[in-house]
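In: give me a 3D structure for the following:
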Amino acid sequence: MTPVYQDKNNNCMQASVASILDLSLDEVPNFMDNGNRFWSSTIEFVESFGYKFGGLLGERTYAILEDYEGIDGLFIGTVYSPSGGTYSDGTSLRHSVVVDKKFNVVHDPKYRVDKYPMSDEIGHNGIIEILVFENGRGSVS
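Out: Numbering: from 1, shown residues only. The predicted structure is shown next:
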């Protein structure tokens, strides 16, 4: 993993994907530019490097994370943004980070924080979902 940092406010997924794939920021599209295709364009891009989408894990499925190797042991995690901002509908902003299977944030493309929002309430270091990719494996069961 090569740490890559955001160069604007809305490209944390772009920087996280670049980091986990050892690419420069310029080699990865800003998935936010794809609107409703944010998730599918992210998945398609990573799969173009030979990885298979394993699923999006939430708290109820975290136990099976130990069954996956990810990309060199790493995954894309989502936390509530340390900025404390909200979307126009009032929901908390989310932020992409690189995590390991023990829920450690190994790279944050923007923030330097000791504790993510809601980490005490939900555990798992405040990680609210994990995007799983694997070499040649299918979806999470």
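In: pull up the pairing partners for the strand of greatest length in the chain, direction included.
Out: As assigned by DSSP state E, the longest strand anywhere in the chain is strand 127-135. Partners of strand 127-135 in the sheet, by DSSP bridges, are strand 51-57 (antiparallel), strand 74-80 (antiparallel).
In: buried residues in it?
Out: For strand 127-135, a neighbour-count test (16 or more other C-beta atoms under 10 Å) marks 127, 128, 129, 130, 131, 132, 133, 134 as buried. Heads up, the C-betas are built off the backbone N, CA and C, glycines and all.
In: next one: stretch 51-69
Out: Within stretch 51-69, the residues that count as buried by 16+ other C-beta under 10 Å are 51, 53, 54, 55, 56, 57, 62, 65, 68, 69.
In: quick one: mean pLDDT for that stretch?
Out: Average pLDDT, stretch 51-69: 86.
In: can you offset everything so residue one is 77?
Out: Okay, using 77 as the starting number, the last item reads as stretch 127-145.
In: how far does it stretch from one end to the other?
Out: Stretch 127-145 has its terminal residues 11 Å apart, counting by C-alpha to C-alpha, to the nearest Å.
In: ok, stretch 162-181 next?
Out: End-to-end distance for stretch 162-181, by C-alpha to C-alpha: 22 Å.
In: distance from the chain centre to it, please.
Out: Centroid separation for stretch 162-181 versus its chain: 8 Å, with C-alpha atoms, centre = their mean, to the nearest Å.
In: what residues of it count as buried?
Out: 168, 169, 171, 172, 173, 174, 175, 176, 177, 179, 181.
In: avg pLDDT for it?
Out: Per-region confidence: stretch 162-181 scores 90 on mean pLDDT.
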